[in-house]
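Engineer: fold the stuff below for me.
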Amino acid sequence: MNVWLLATVIVLIVAVIVFVGCIVAVIFPLKNVITVILAHMQGIQKQLEGIQTQAIALTATMDKMKTDIDYKKQSFQSVVQSVKDVGTALNELNDSSQKATTAVVKQFQSDEEKQAQVKRWTDTAISLLNRKAN
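Structural biologist: Presented below is the predicted three-dimensional model:
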């Protein structure tokens, strides 16, 4: 029985050696593949870092632009409000001048002496212009 036991042990040792050889034969090429994959991953990681840096810079630029646009929008709105206020002021001034003109015209129309003075001054101015023209 020793022979059979010895043969079994030898077969078992050979099987283990073949098994280890197969594992080495499979794993050793995988090492190269894994090394290549890791190199690619490191390259991708460097690219992602560059993209992240650019994204951060782009976000900062966008924030500055947003701040600038908000400032310009507020400035423009204040200009628009000022223009509206000027329009309102001009309307009020127009109303006031119209009231004053109406009051002066009414007063002038009711005062015949002032009408006569205006007529004399107008006639005098026309005659002076006519003399200069000749």
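
Engineer: could you pull up the mean pLDDT of stretch 53-68?
Structural biologist: Stretch 53-68 carries an average pLDDT of 95.

Engineer: actually stretch 127-134, not the one I typed
Structural biologist: Stretch 127-134 comes out at a mean pLDDT of 81.

Engineer: quick one: it to chain centroid distance?
Structural biologist: When C-alpha coordinates are averaged (C-alpha atoms, centre = their mean, to the nearest Å), stretch 127-134 and its chain have centres 68 Å apart.

Engineer: can you pull the poorly scored residue ranges out of this protein?
Structural biologist: By pLDDT under 70, the low-scoring segments of the chain are 1, 134.

Engineer: which stretches in it count as helices?
Structural biologist: Taking DSSP state H as the criterion, the chain carries its helices at 2-110, 112-133.

Engineer: give me the contact list for the last one.
Structural biologist: Contacts made with helix 112-133 from outside it, assessed by C-beta atoms under 8 Å, 6 or more residues apart in numbering, are listed as 108-109. C-beta: built from backbone N, CA, C; applies to glycine.

Engineer: that helix to helix 2-110, inter-axis angle?
Structural biologist: 100 degrees (axes from the mean of the first three to the mean of the last three C-alpha atoms, to 10 degrees).

Engineer: when you give positions from now on, start the count at 45
Structural biologist: Sounds good: first residue 45 from here, last item helix 156-177.

Engineer: follow-up on the earlier one: adding mean neighbour count, write the helices of the chain out as TSV.
Structural biologist: Below are those laid out as TSV (neighbours: other C-beta atoms under 10 Å):
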stretch	mean neighbour count
helix 46-154	10
helix 156-177	10
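
Engineer: compute the distance between T52 and A69, please.
Structural biologist: T52 sits 25 Å away from A69, taking C-beta to C-beta, to the nearest Å as the criterion.

Engineer: that should have said Q151, apologies.
Structural biologist: Taken as C-beta to C-beta, the span from Q151 to A69 is 121 Å.

Engineer: same thing with E156?
Structural biologist: 131 Å.

Engineer: try D155
Structural biologist: 127 Å.

Engineer: just S119 next, same as before
Structural biologist: 75 Å.

Engineer: ok, V149 next?
Structural biologist: With C-beta to C-beta as the criterion, V149 and A69 are 117 Å apart.
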